[in-house]
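Participant: Give me coordinates for this.
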Amino acid sequence: MTARGRMRMAVFAAAALAAAAAGAQSFYVNGREIGGGRSSRRARGAAFRPAADVKISPDRAVVAGEPFSLEFSVTVPENATMEQISISGLPQESDGFTVLRQENLPDAKADGGGVKKRFRIVMRPDRPDVKGRSLRFAIGGTVTSAEPVSIAGSFGTTYSSINGRESYGANVRIDAGTVELKVDPLPEKGRPDAFSGAVGTRFALSSRFEEPDAGWPGTWSTAVYALDYDGWFPTNAAPRVHGFEKAFENVHPMRETSRGPHRVEWRQTMMPRGLSSTNGPAAGIVFYNTRTRRYEVARCAGAPLAFKRPPAPPEPPPEIGLSREDGRKGVPLRFAPGARSPVTGTVPPGETPVVLERKGAWRRVRTSSGTGWIR
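Facilitator: Have a look, this model is predicted:
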């Protein structure tokens, strides 16, 4: 370290010690506690008392696989925000729950002053043996503001100055209350053997043939099945395809090709047996509808499959003509393509033979006097 650097560090340390000796509060710069004095900038007036609450939706019993949401709100002073939020009391994966997503919600005015910072966590119980329970939540974090803040019940304060922008904070932990989570098992009554395990409110199945969607018997076609849904769809589930045995052959197994939060796609290749195979196989998925509270089937008809004629065979080579000299004398027909091959006949003068085959300069032709090779 240079002499100038050592001098700067000494001046900085001396200032920090002097501030500490004066009874100033510790503060942070870029997240590092260094001590110092900001006592003259402390918040004045009564300390703000933060609050938090939680609501569960739907406010009824859910079933295994049915998503539910926990909506939290934290009341902080105007022009303040909440950072480094942590929540205790959330059901864990080991308890049979999965966190699907977190969604920020619009702020709301709080009664008695302040602003409510709102967000939602969407979860689902995955296992059929998951039981309901009472959930008690607490929210921790740091309330930050551009001005000094005084928060009732806070522990520890922070201060930072980055590029001249000051930020004050107070660490808090707030009780958010209790909710009752009710989880019912899926009903045994009416459950079809083909139940996929899917649970939700909307399942729409569709099918199409991948481009090109026109062909002819004996060529491969690829059917695409797409499921759009709101809810939960197991990773090992797939549509049940039926009614293709008579119309298609050499059907390959269906394979999942893409998956998102609300859409899954599968592809299956197959070969039409004949021109009567004008539609692909129909498909269906059995799911439990949490709105109607019963098992239902999402179906789709087979996608239309058009046929076009196969490409026409190549045109036969043009018929060859004979020279006048050959036409007068006649052209010998040989048994095989070769000058030493035995002569089996002669092309009648003036007749144009029909070419059946080519081999180098030789042509196999058909004439009124028989078939043979000429050159």
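
Participant: what about the stretch 201-350 of the chain, any weak spots by pLDDT?
Facilitator: By pLDDT under 70, the low-scoring segments of the stretch 201-350 of the chain are 211-215, 309-329.

Participant: Let me see the ranges of the helices in the stretch 201-350 of the chain.
Facilitator: For the stretch 201-350 of the chain, the helices defined by DSSP state H, counting those that start in this stretch occupy 324-329.

Participant: which residues of it fall in strands?
Facilitator: With DSSP state E, counting those that start in this stretch as the criterion, the stretch 201-350 of the chain has strands at 214-215, 221-232, 240-242, 248-249, 255-259, 263-272, 282-289, 294-300, 306-307, 331-334, 343-347.

Participant: Which other helices and strands does the third one contact?
Facilitator: Packing contacts for strand 240-242, counted by 3 or more CB pairs under 8 Å, 6 or more residues apart in numbering; DSSP states H and E, involve strand 282-289. The C-beta positions use only the backbone N, C-alpha and C, and glycine is treated the same way.

Participant: Now do the buried residues in the strand it packs on.
Facilitator: Neighbour-count burial for strand 282-289 flags 282-283, 285-289 (criterion: 16 or more other CB atoms under 10 Å).

Participant: ditto for stretch 292-302
Facilitator: So, applying 16+ other CB under 10 Å, buried residues of stretch 292-302: 295, 298, 300, 302.

Participant: try stretch 268-275
Facilitator: Buried, per 16+ other CB under 10 Å, within stretch 268-275: 268-273.

Participant: Convert it to CSV, retaining C-alpha atoms only.
Facilitator: Taking C-alpha atoms only, stretch 268-275 is exported to CSV below (Å, rounded to 0.1, in the frame of the first residue of the first chain):
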residue,chain,number,x,y,z
GLN,A,268,-46.0,-39.7,-32.5
THR,A,269,-45.0,-40.9,-36.0
MET,A,270,-47.2,-43.4,-37.9
MET,A,271,-47.7,-44.7,-41.4
PRO,A,272,-51.2,-44.5,-43.1
ARG,A,273,-52.4,-47.9,-44.4
GLY,A,274,-54.3,-46.5,-47.3
LEU,A,275,-56.2,-43.5,-48.8
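
Participant: closest to residue 139 out of the strands of the stretch 201-350 of the chain?
Facilitator: For residue 139, the closest of the strands of the stretch 201-350 of the chain is strand 221-232, at 27.0 Å, according to CB to CB.

Participant: same for that closest one, what does it pack against?
Facilitator: Identification of packing neighbours for strand 221-232 by 3+ CB pairs under 8 Å, 6+ apart yields strand 195-209, strand 263-272, strand 282-289.

Participant: Generate CSV for the ones you listed, with distance to residue 235 as supplementary columns.
Facilitator: Conversion of those to CSV gives the following (distance: least, CB to CB, whole Å):
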stretch, distance to residue 235
strand 195-209, 10
strand 263-272, 9
strand 282-289, 14
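
Participant: circling back to that earlier point, looking at the buried residues of stretch 268-275, which two lie furthest apart in space?
Facilitator: Farthest apart among these by CB to CB are 268 and 273. That separation is 15.7 Å.

Participant: Quick check: can you list the domain ranges of this structure?
Facilitator: 47-146+168-183, 195-307, 324-374 (automatic domain parsing).

Participant: nearest to residue 189, of those domains?
Facilitator: Evaluated over the domains of the chain, closeness to residue 189 peaks at domain 195-307, with 9.4 Å, by CB to CB.

Participant: That closest one: end-to-end distance?
Facilitator: Start-to-end span of domain 195-307 (CA to CA, to the nearest Å) is 35 Å.

Participant: now for whatever helix or strand residue 140 lives in, which elements pack on it?
Facilitator: Assigned by DSSP states H and E, residue 140 belongs to strand 133-145. Other helices and strands packing on strand 133-145, by 3+ CB pairs under 8 Å, 6+ apart, are strand 51-57, strand 68-76, strand 81-88, strand 165-181.

Participant: Can you tell me what sits against whichever helix or strand comes after the last one?
Facilitator: Following strand 165-181 in sequence order, the next helix or strand is strand 183-184 (DSSP H and E). The set of residues external to strand 183-184 that reach it, using CB atoms under 8 Å, 6 or more residues apart in numbering, is 61-64, 125, 130-132.
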